[in-house]
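Dropping a prediction and its sequence here:
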Amino acid sequence: MLIFRYSARELLRHPARSLLAVLGVAVACAMLLDMLMLGGGLNASFRSLLTSAGYELRVSPAGTLPFDTGATISNAAEVRVSLEADPAIAGVAPVLGSNLLAEGLQTPGEESLEDGPQEARGVTRDVARLFVLGVDPEEQGLYRLTSGTGPAPGIGPAPGGVVIGQELAEAGVEIGDTLTLRAPGSFADAGRRSGRFAVVGIAEFLYSAAGERSAAISISSLAGLTDQPDLASLMMVRLVEGMDPDEVADRLRAEHPGLEIASIGQLVETAARRLSYFRQLAVILGTVSLIVTTLLIGTIMAISINDRYGTIAALRAIGISRRSIVWAFLVESLLLCVAASVIGLGLGLLVAGQLERILSDFPGLPSAIRFFVFEPGRLAWAAAGVLLAGVGAALVPAIRAMNAPIAATLHREEP
Amino acid sequence: MTARVVRDGLSRFRWLTAVTLVVCAPSNAPAQQIPAGGEADDPGTLARCPDRLELLVEKRLAEQQGIAPGSTVRVGAQPDAPGCAARVSGVFEPEADPSEIARDRRRVILHLPDLAVLAGREDEVDRFTVRLADPEDAEDLAVRFGAVMPGTRALRAGEVAARASTTFEVVRRFHRAIGLITITAGGVFLACIMTLKVQERRSQVAALRLVGISSRTLLSWLMLEAALVSALGGVLGIAIGRAASGVINAYYQRVYATTLEFSLVTGETIAIGLALAVVLGLVAGAVGSVRLLQVDALEEVGR
Amino acid sequence: MSAENGRALVEARDVRREYRLKGDLIEAVRGISLEVAPGDFLAIVGPSGSGKSTLLHLLGAVDSPTSGAVFLDGSDVTSMSDPERARFRLEHVGLVFQRFHLLPMLTALENVELPMAEAGLARRERLARAEALLARVGLADRMRHRPGEISGGPRQRVAVARALANSPALLLADEPTGELDRTTSAGMLELFQSLNEEGTAIVVATHDLQLAEGAGEQLTLVDGRIQA
């Protein structure tokens, strides 16, 4: 305890120095925590999002990832039946995605287009672009209803209602309103591929990007609007309980060579490869943080110990053991690092929030994705990293001081 | 400008639409007999194959699949369809596109009419790029195009570039935030080191003050030292940064098979880095020195 | 430590101490033999660079001789390992330095406690002993003060109290009055004499004539040799 008291007070003896050291290490600790959160955050967040709806596999056209390209699965009905016949599969949710134009919306900021094929005159209509998902309302994993109901399943191209996302709801669209949805195309056939859909529900669309206007209608309605019969952009597959997703995915891939079949784990890996830059950055900056901590603590302790060489020699002369002296310095550096960690971890969480706000503007990424995911384990690792780096850094000058010849040092220090 | 003129102008330009196609490498199995201009085997996916279908293949794809000019490949819009036979007329190296990094996509180039037939999108394009006789008209025309063609949007080239650069703008802001944190840490570190360095020499400084060297002279010496140390540190840091930049570029260029430069150390970067280092060093040195010069010299020497 | 049957408390046998300084060989102590008996008060005097401090360090097992041997209460400290020597010093030798070398952030009481804590004494016991020692050196009212809050003389007294923490039979002091004024030095001499009367053997290396004359015996060192 005496050693502890000595080490603590020694830090207070030079308040400016100690404060600057604590601040410097705190910033490094904050950076380390942020990088630890970034390193595993994206994967964890992505996995959490993919598993949230309960579909363990994703089926997309060969060589593509879901909605990565405009490619589609042909003979979708047949594919669905074939998959549903597999004993490992409990349900298959087909999805068709397309950009449509919605007329009748008063959405601020949207350009108003003048109607009329040839002349820049005529009636003004407000049109908004929506990303519309065609789903089987009885088997879907893309949205969670917050009010109202899903679209009617619908057979054929007859419209059966539309579920809108939060963006549209906030723009003033309500259940009971009617939207005219039209496939974008040449104005020559503007009247042809459109349909009037009653808004029957409002939902949280799980995979929508920030600001994206999403809606869902029955897949048959969308197929009719976009002239894409029997096609699907993606199929989400729900497995029978107890089935191993990776094993089932591997087996199905062999049975359906024209399809890309991936488990959530495999999708997360692919996404991780695409966004590997962030993990690599996290590793590099995390390492730099530890280096900064080591350098800062090492330098401070070296200079501080240098100042006390005479006293150290005298203490050794009177019989204080090397071990006690080294302990004193390690405790000193530990106290510095503990104080820095407390500040740094709080600062790290704050900074992570700011960095998250920047990265949330990434286009095309679902708004539910988080780059920085907090886990107590990461906090512990950050603190442990800083403490170890600090203590390790103090060891070198402490051992040097401990091994300095007593008599020679006393000679040098005495006038 | 009337729509007729616009249409005439548009018709002058050829458009290449990037569509994901399935390109099958030449295999040992005999090519399916799809007569040029005749019916495809699977009429459900394609009504007919274009006459004398030719395409250019991206260099990476050609190398991976062993394709060379003169090779015959099969192209189609669906992976499970037999597709159409096409002759590779050449291999091209696409311009390095940052948005394609980490995306495992390979490109081929076809004549627009052929692609439209293959993709089942005849008389359709994704977009037009318009070159104007007078670029000053761009803003006005962008508005009027949109009015003339409902369901479309006309954007100036700059706007398109801005929208396409969103990813990199986000990354740039992220890097700037990280840079700010790093500079803060570096600044605090520097302040700490300078304080220590200055304090280490407190008895020397006190003795010099007692023999008559003015505080101002001592301050200028200390500041000069701080500036030199931080300038040297800045130079060393830039050297390390350049070396690291080379390693980063070599690594990512290999990983993503691209000629893009991921890290650039420009003259501006060097100038800013050095300036920051010196300024931070001077501020840190000033903080430590001023405090030191306020200490009682006699008491310091007497200690 | 105590000597039995007249055995010397400290015995140096032909000790030499050489070291290199920037390539030059310095012979700080050249073949010195001496004995210090229990209860002796010996002053080692000599000009600067005569080897006084070096001899003191050799006698206290702070330094090892290049040749020769040093015995402390019959134990050959020369052949001990470094940790063994440290332990031996802790328990058997008290050291006082010219610059005091007190820990500035500990109080006088805590400074005196330090060697006892190292020796493993329980807290209550060492507190009581530290208080008694500080009272013994006349600093009962300064126990909670830090070295920076007291002047040179009292600081050196704290150092003496620290040196006596583990009840050594031998007290070695290297220029204990070097930083003190004359009056304070006189007070220090009185303290040493008082401790000596209680049975502590004291060896001081000093320039201070007043202190040297106050000691029981004097030894003059010139160029690392005892001057007859």
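Right, received. Where do you want to start? Computed from a predicted structure; not experimentally measured.

Tell me which residue of the stretch 151-300 of chain A lies closest to chain C.
A:I300 (16.2 Å; CB to the nearest CB). Glycine gets a C-beta too; all of them are placed from N, C-alpha and C.

what's the closest non-adjacent residue to that residue?
A:A21 (4.8 Å; CB to CB, 6 or more residues apart in numbering or on different chains).

What residues sit buried inside the helix or strand hosting the one you found?
Using DSSP states H and E, the element containing A:A21 is helix A:15-51. Within helix A:15-51, the residues that count as buried by 16 or more other CB atoms under 10 Å in any protein chain shown are A:17-43, A:45-47, A:49-50.

related to what we said a few turns ago, what number of residues lie near the residue of the stretch 151-300 of chain A closest to chain C?
Neighbourhood size, A:I300 [other CB atoms under 10 Å in any protein chain shown]: 30.

next one: phi and psi at it?
phi -60, psi -50 (degrees, to the nearest 10).

and A:V132, what does it touch?
A:G97, A:S98, A:N99, A:L100, A:V162, A:L181, A:S214, A:A215, A:A216, A:I217, A:L222 (CB atoms under 8 Å, 6 or more residues apart in numbering or on different chains).

my bad, C:R155
C:F100, C:L102, C:P147.

Most neighbours out of those, which is it?
Ranked by neighbours (other CB under 10 Å), the contacts of C:R155 are led by C:L102, which has 25 neighbours.

Count the neighbours of residue 64 for me.
Using chain A here. That count, for A:T64 with other CB under 10 Å as the rule, works out to 22.

hmm, I had chain B in mind actually
So B:Q64, with other CB under 10 Å, has 12 neighbours.

excluding its backbone neighbours, what's nearest it?
That would be B:R106: by CB to CB, 6+ apart, it lies 7.8 Å from B:Q64.

So that neighbour lies in a helix, does it not?
No - counting by DSSP: H, G, I helix; E, B strand; the rest coil, B:R106 is not part of a helix but coil.

how would you label A:A152: helix, strand or coil?
Going by three-state DSSP: A:A152 is coil.

And what about the nearest residue to it once chain neighbours are set aside, helix, strand or coil?
Nearest non-adjacent residue to A:A152, counting by CB to CB, 6+ apart: A:G160, 3.2 Å away. Following three-state DSSP, we place A:G160 in the coil state.

quick one: the helices in chain B?
Using DSSP state H, the helices of chain B run over B:3-11, B:59-65, B:112-118, B:138-148, B:157-164, B:166-200, B:202-210, B:215-256, B:267-293, B:297-302.

Can you list the low-confidence ranges for chain A?
A:104-127, A:154-159, A:185-192, A:414-415 (pLDDT under 70).

Would you mind listing what in it touches chain C?
Residues of chain A lying close to chain C by CB under 8 Å from any CB of the partner chain are A:1-2, A:5-6, A:9-10, A:12-13, A:310-311, A:313-322, A:324, A:405-408, A:410-411, A:413-415.

Mind giving me the PyMOL select for the residues you listed, buried ones only?
With 16+ other CB under 10 Å as the criterion, this PyMOL line picks the buried residues out of those:
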select buried, chain A and resi 2+6+9+10+310+311+313+314+315+316+317+318+319+320+321+322+324+406+407+410+411+413+414
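
give me every residue that touches B:F92.
B:L56, B:V57, B:E58, B:K59, B:I109.

so how far is B:R60 from the residue nearest to the fourth one when sequence neighbours are not counted?
To tie it back to what came earlier, the one meant is B:K59. Distance criterion CB to CB, 6+ apart; nearest residue to B:K59, sequence neighbours excluded, is B:E93 at 4.8 Å. As judged by CB to CB, to the nearest Å, B:E93 and B:R60 stand 9 Å apart.

pLDDT on the helix or strand C:A69 falls within, on average?
Element membership for C:A69 (DSSP H and E) is strand C:67-72. With pLDDT averaged residue by residue, strand C:67-72 scores 94.

Next: stretch B:249-262.
For stretch B:249-262, the per-residue pLDDT averages 83.

Quote the end-to-end distance of it.
Terminal residues of stretch B:249-262 lie 6 Å apart, using CA to CA, to the nearest Å.

ok, back up a step: can you add distance to C:L127 and give the helices of chain B back as a markdown table?
Listed next are those as a markdown table, based on distance: least, CB to CB, whole Å:
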| stretch | distance to C:L127 |
| --- | --- |
| helix B:3-11 | 97 |
| helix B:59-65 | 79 |
| helix B:112-118 | 93 |
| helix B:138-148 | 87 |
| helix B:157-164 | 75 |
| helix B:166-200 | 34 |
| helix B:202-210 | 36 |
| helix B:215-256 | 46 |
| helix B:267-293 | 38 |
| helix B:297-302 | 33 |
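
Nearest to C:L170 among those would be which one?
helix B:297-302 (32.5 Å; CB to CB).

tell me the pLDDT at the residue of chain C found nearest chain A?
Closest residue of chain C to chain A, CB to the nearest CB: C:L90 (2.6 Å). With respect to pLDDT, C:L90 has a value of 92.

Show the contacting residues for the closest residue to it other than its chain neighbours.
Distances taken as CB to CB, 6+ apart place A:G319 nearest to C:L90, at 2.6 Å, with adjacent residues excluded. With contact taken as CB under 8 Å, 6+ apart, A:G319 is in contact with C:A86, C:R87, C:F88, C:R89, C:L90, C:E91, C:V93, C:P115, C:E118, C:A119, C:N166.

Take those and, keeping just the buried ones, write it as a PyMOL select command.
To isolate the buried ones among these in PyMOL, judged by 16+ other CB under 10 Å, type:
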select buried, chain C and resi 86+87+88+89+90+93+115+118+166
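
ok and the residue in chain A nearest chain C?
A:G319 (2.6 Å).

Ramachandran angles for that residue?
According to degrees, to the nearest 10, A:G319 has phi 110, psi 0.

do you know how far it is from A:F131?
Counting by CB to CB, the gap from A:G319 to A:F131 is 79 Å.

Which is the succeeding secondary structure element to the lengthiest helix in chain C?
Determined from DSSP H, the single longest helix within chain C is helix C:182-197. Counting by DSSP H and E, the next helix or strand C-terminal to helix C:182-197 is strand C:201-205.

Mind giving me the packing neighbours of that next one?
With contacts taken as 3 or more CB pairs under 8 Å, 6 or more residues apart in numbering or on different chains; DSSP states H and E, strand C:201-205 sits against strand C:41-45, helix C:52-59, strand C:170-174, helix C:182-197.
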